[in-house]
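A.B. asks: build me a model from this:
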Amino acid sequence: MGNLIVDALVFFGFIACVLFVGFFKGRSGKKPEGEENAEDYFLAGRGLSWWLIGFSLIAANISAEQFVGMSGQGAGLEGISCASW
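C.D. replies: Model (predicted):
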């Protein structure tokens, strides 16, 4: 029972710290250099090339979690056909 209380305190303490830092940094009003609006934030000022964006998407899709999930999916009823992406 004692471990459960410690785990809950650590979990909720971490969530509180993340929320505090997020709200504190969000309300500071200081914007990074070159970031004037949402378009600059989401599109990086349109300064990235197509191959860099594509590499980022593929790298994010082929992560350790994806390999584990696809292996488990492939061992199920659908067979190896699920790994076509």
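A.B. asks: Asn3 is in what secondary structure piece?
C.D. replies: Assigned by DSSP states H and E, Asn3 falls within helix 2-27.
A.B. asks: tell me the mean pLDDT for that helix?
C.D. replies: Helix 2-27 shows a mean pLDDT of 90.
A.B. asks: after that helix comes which helix or strand?
C.D. replies: helix 38-43.
A.B. asks: buried set for the helix or strand following that following helix?
C.D. replies: Going down the chain from helix 38-43, the next helix or strand is helix 50-61, by DSSP H and E. Residues of helix 50-61 classed as buried: none (neighbour count, 16 or more other CB atoms under 10 Å). (Glycine included, C-beta is placed from N, CA and C.)
A.B. asks: cool, stretch 9-18 as well?
C.D. replies: Applying a neighbour-count criterion of 16+ other CB under 10 Å, stretch 9-18 contains no buried positions.
A.B. asks: export that stretch as CSV, just CAs?
C.D. replies: The C-alpha trace of stretch 9-18 is given here as CSV (Å, rounded to 0.1, in the frame of the first residue of the first chain):
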residue,chain,number,x,y,z
LEU,A,9,2.6,11.3,-5.3
VAL,A,10,5.4,11.0,-7.9
PHE,A,11,2.9,10.8,-10.8
PHE,A,12,0.7,13.8,-9.7
GLY,A,13,3.9,15.8,-8.7
PHE,A,14,5.2,15.3,-12.2
ILE,A,15,1.9,16.3,-13.8
ALA,A,16,1.8,19.4,-11.6
CYS,A,17,5.4,20.4,-12.5
VAL,A,18,4.7,20.0,-16.3
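A.B. asks: who's in contact with that stretch?
C.D. replies: Applying CB atoms under 8 Å, 6 or more residues apart in numbering, stretch 9-18 has no contact partners.
A.B. asks: could we number from 17 for the rest of this?
C.D. replies: OK, 17 is where the count begins now, so the last one is stretch 25-34.
A.B. asks: count the neighbours of Ala60 for me.
C.D. replies: 13 (other CB atoms under 10 Å).
A.B. asks: how close does it sit to Leu68?
C.D. replies: 10 Å (CB to CB, to the nearest Å).
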